[in-house]
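Visitor: just a sequence and a predicted model for now, questions to come.
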There are 2 protein chains.
Amino acid sequence: MNIGEASTLSGVSAKMIRYYESIGLIEPPARTASQYRVYADDDVHTLRFVRRSRDLGFSLEETRELLALWHDKSRASADVKKLAMAHVRDLEAKAAELSAMADTLRHLATHCHGDHRPDCPILSDFAAGAPTQRKA
Amino acid sequence: MNIGEASTLSGVSAKMIRYYESIGLIEPPARTASQYRVYADDDVHTLRFVRRSRDLGFSLEETRELLALWHDKSRASADVKKLAMAHVRDLEAKAAELSAMADTLRHLATHCHGDHRPDCPILSDFAAGAPTQRKA
DNA sequence: CTTGACCTTCCCATGATGGGAAGCCCCATA
DNA sequence: TATGGGGCTTCCCATCATGGGAAGGTCAAG
């Protein structure tokens, strides 16, 4: 099948499929005489794997490791679980960070009248703040 | 004061100060005869405002709007609150999305033995999945 | 006057993705 | 068979916010 069909079946854009190939995340497929890429069902399988990994927030580098683990029949499940749980902690930390920002802002907004008057504690706070601690 | 001091006082890197100037987010400061940028206390104030905005997850474009609102003495506080609350919803949506990813992955990991054996439902799931619904 | 810290501009890199141009290829239909 | 349209190819550029670093000028203290 051509790249278009592989894209449709896997849910990965043709653009990204070529990109993944260029960075060595996936194997270069066979080509027709006119240089068209030719994919097999197995390739679609791999592309779906990548997509699922991306959808769960793994970076392409992490996805590369997961693919390696997937192909390595002899690795222990502990290796996979370790990577997954580290990522879970990352995701939760990021989620908490965003929630904290939302809470802070929501709190500031509570004290803003939100009417025709110009006074607004939100901007006053912005203006007043000393340099805050930066996120890691 | 020079850019270094303004950077220290505001918590915005010199690199970013120059960048903010280049995209018109902040006003170009005066220059010495030798082209050194010269900042006043007010400029540090503005830089802190920008930093606070960024720390609360506003994009530079949103920050630009906030700065405009800040300088506009006649705008209603409702305008500010509206922008802030829209951003709160954005932040909360992103946080929820990350949490959902974490939950999914944590659930998968629950079923992974995490020992020396190679079987791992995490990767099996990755490999099996049909194209899932993409995030908006 | 030298030295070292600071400043200037300019270019490049990141991560993941999309947009689009220029040019070939393939198939169906007129 | 010719033509048109859609798919494929590569290549370059843009995004968003930030950092790194080179090459060179400046300033202040010793």
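Guide: Good, I have the coordinates. Numbers count the residues shown, from 1 in each chain, chains lettered A, B, ... in the order given.
Visitor: all helices of chain A, in order?
Guide: A:3-10, A:14-22, A:41-55, A:60-71, A:77-110, A:121-128 (DSSP state H).
Visitor: give me the buried positions along the fifth one.
Guide: Pointing back at helix A:77-110 there. Judged by neighbour count (16 or more other CB atoms under 10 Å in any protein chain shown), helix A:77-110 contains these buried residues: A:77-81, A:83-85, A:87-88, A:90-92, A:94-95, A:97-99, A:101-102, A:104-106, A:108-109. Yep, even glycine has a C-beta here, placed from its N, CA and C like the rest.
Visitor: and stretch A:63-81, what's its mean pLDDT?
Guide: For stretch A:63-81, mean pLDDT is 90.
Visitor: what does that stretch rub up against?
Guide: When contacts are defined by CB atoms under 8 Å, 6 or more residues apart in numbering or on different chains, stretch A:63-81 is touched by residues A:25, A:46, A:49-50, A:53-54, A:58, A:83, B:109, B:112-120, B:122-123, B:126-127.
Visitor: using a markdown table, lay out the helices of chain A together with distance to B:Asp72.
Guide: Listed next are those as a markdown table, based on distance: least, CB to CB, whole Å:
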| stretch | distance to B:Asp72 |
| --- | --- |
| helix A:3-10 | 48 |
| helix A:14-22 | 42 |
| helix A:41-55 | 42 |
| helix A:60-71 | 43 |
| helix A:77-110 | 18 |
| helix A:121-128 | 10 |
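Visitor: now the weakest link among these, please, by mean pLDDT.
Guide: helix A:121-128 (a mean of 84).
Visitor: just the buried residues of the contacts of stretch A:63-81.
Guide: A:25, A:46, A:49-50, A:53-54, A:58, A:83, B:109, B:112, B:114, B:118, B:120, B:122-123, B:126.
Visitor: about what we covered before: out of the helices of chain A, which is closest to DNA strand C?
Guide: helix A:60-71 (3.5 Å; CB to the nearest atom of the strand).
Visitor: buried sites along that closest one?
Guide: So helix A:60-71, judged by 16+ other CB under 10 Å, has buried residues A:Glu62, A:Thr63, A:Arg64, A:Leu66, A:Leu67, A:Leu69, A:Trp70.
Visitor: between the residues you listed, which is nearest chain B?
Guide: A:Trp70 (4.9 Å; CB to the nearest CB).
Visitor: how near is the closest one to B:Val38?
Guide: The gap separating A:Trp70 from B:Val38 is 58 Å, by CB to CB, to the nearest Å.
Visitor: where's A:Asp113 relative to DNA strand C, distance?
Guide: Wrong residue type there; residue A:113 is His, not Asp. Distance, A:His113 to DNA strand C, by CB to the nearest atom of the strand, to the nearest Å: 37 Å.
Visitor: for that residue, give me its contacts.
Guide: Contacts of A:His113 by CB under 8 Å, 6+ apart are A:Asp119, A:Cys120, B:Ser77, B:Ala78, B:Lys81.
Visitor: and with 7 Å instead?
Guide: B:Ser77 (CB atoms under 7 Å, 6 or more residues apart in numbering or on different chains).
Visitor: roughly how far out does stretch A:106-124 sit from the chain middle?
Guide: Here stretch A:106-124 is found 35 Å from its chain centre; the criterion is CA atoms, centre = their mean, to the nearest Å.
Visitor: span of it from start to end?
Guide: 15 Å (CA to CA, to the nearest Å).
Visitor: of all the helices of chain A, which one is nearest B:Tyr19?
Guide: Nearest to B:Tyr19, of all the helices of chain A, is helix A:121-128, at 19.6 Å by CB to CB.
Visitor: which one is the residue in chain A sticking out farthest from the centre nearest to, not counting chain neighbours?
Guide: Within chain A, the residue lying farthest from the chain centre (CA atoms, centre = their mean) is A:Arg117, at 42.1 Å. Nearest residue to A:Arg117, sequence neighbours excluded (CB to CB, 6 or more residues apart in numbering or on different chains): B:Ser77, at 5.6 Å.
Visitor: enumerate the residues of chain A near DNA strand C.
Guide: A:Ser13, A:Lys15, A:Met16, A:Tyr19, A:Thr32, A:Ala33, A:Ser34, A:Tyr36, A:Arg54, A:Ser59, A:Leu60, A:Glu61 (CB under 7 Å from any atom of the strand).
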